[in-house]
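**Student:** Need the 3D shape of this:
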Amino acid sequence: MNKTISHNIVIVDDHSLFASSLEKLVNSFNNFNVLYHAKNGRDLQQKLKDYSELPEIILLDLNMPVMDGFETMEWLHENHKKIKVLVLTMEDDEGKILKMLSNGAKGYLLKDIHPDKLNEALVQTLEKGYYHSEKVAESLLHSLHSNDTEKPTFKEREIDFMKLACSEMTYKEIADKMNLSPKTIDGYRQDLFNKLDVKNRVGLVIYALKNDISKI
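**Tutor:** Model prediction:
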């Protein structure tokens, strides 16, 4: 990466002490500069209007008052698709990971991340367009980085299942939605895990997002 280029970052987090410490840390990395931090999504909306420069990456918390990370992610996906968003949160929950990835987040990081890994996440997001931490997706990296020279084929019902799997619905709710038994849904799930060589639902969702299957 060219050392003369400074890449602009914005932090969205309602905890001022954490945001200030994170700003100092990010500013200590080569080639990165924090433009500002916002206390929630509404504050971010205003600051994006007020500042002439747009960030390349936003580090976004989930639990915030007024306008939380979920609402903010949806708004950013609709209005600022070129800005890459990395979630940075304490929430280690598969449902929340699925929802944020489905809504366009380029990665999901936990706040106990090592500074070197955060730097790596910022660099890789700029260079490759995404970053998936070992803690969230260790078993899925080969799926993300493969060239997919020979893509698998899917039955129509498998595609329907994958689309619904990208939502927050439970497998039982998906079975009800598709008018199928939970046992049949378990069969679809396992067949797809085997076909795509992934180990969990997050891997399935990442594949669906990567291949534009997630749009319902």
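**Student:** By average pLDDT, which secondary structure element in the chain comes out worst?
**Tutor:** Counting by mean pLDDT, DSSP states H and E, the chain has its least confident helix or strand at helix 141-145, which shows a mean of 46.
**Student:** Tell me which helix or strand comes right after that helix.
**Tutor:** Downstream of helix 141-145, the first helix or strand assigned by DSSP states H and E is helix 156-165.
**Student:** what's the average pLDDT for that following helix?
**Tutor:** Averaging pLDDT along helix 156-165 gives 91.
**Student:** In that helix, which residues are buried?
**Tutor:** Within helix 156-165, the residues that count as buried by 16 or more other CB atoms under 10 Å are E158, D160, F161, M162, K163, L164, A165. For the C-beta atoms, the positions are set from N, CA and C on the backbone; glycine is no exception.
**Student:** Run through the residues that contact the residue nearest the centre of the chain.
**Tutor:** Computing the C-alpha centroid of the chain and ranking residues by CA atoms, centre = their mean puts A105 first, at 3.0 Å. A105 makes contact with L60, M73, V85, L86, V87, according to CB atoms under 8 Å, 6 or more residues apart in numbering.
**Student:** quick one on the thing from earlier: rebuild the buried residues of helix 156-165 as CSV, extending it with distance to A208.
**Tutor:** Shown next, in CSV, are the buried residues of helix 156-165 (distance: CB to CB, whole Å):
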residue, distance to A208
E158, 11
D160, 11
F161, 10
M162, 5
K163, 7
L164, 10
A165, 7
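**Student:** so which of the contacts of A105 would you say is closest to R189?
**Tutor:** When these are compared for distance to R189 (CB to CB), V87 wins out at 24.9 Å.
**Student:** How about the secondary structure of the closest residue to that closest one other than its chain neighbours?
**Tutor:** Spatially, and ignoring its direct neighbours in sequence, V87 is nearest to Y108 (4.6 Å; CB to CB, 6 or more residues apart in numbering). At Y108 the chain is in strand, as set by DSSP: H, G, I helix; E, B strand; the rest coil.
**Student:** and Y108, how many neighbours?
**Tutor:** Neighbour count for Y108, taken as other CB atoms under 10 Å: 26.
**Student:** same thing with E127?
**Tutor:** E127 is flanked by 10 other residues according to other CB under 10 Å.
**Student:** Repeat that for N79.
**Tutor:** By other CB under 10 Å, neighbour count at N79 equals 10.
**Student:** Equivalent analysis for T170, please.
**Tutor:** For T170, the neighbour count with other CB under 10 Å is 11.
**Student:** Could I get the pLDDT score of it?
**Tutor:** Looking at T170, its pLDDT reads 89.
**Student:** and it, how far is that from D176?
**Tutor:** T170 is 9 Å from D176, where distance means CB to CB, to the nearest Å.
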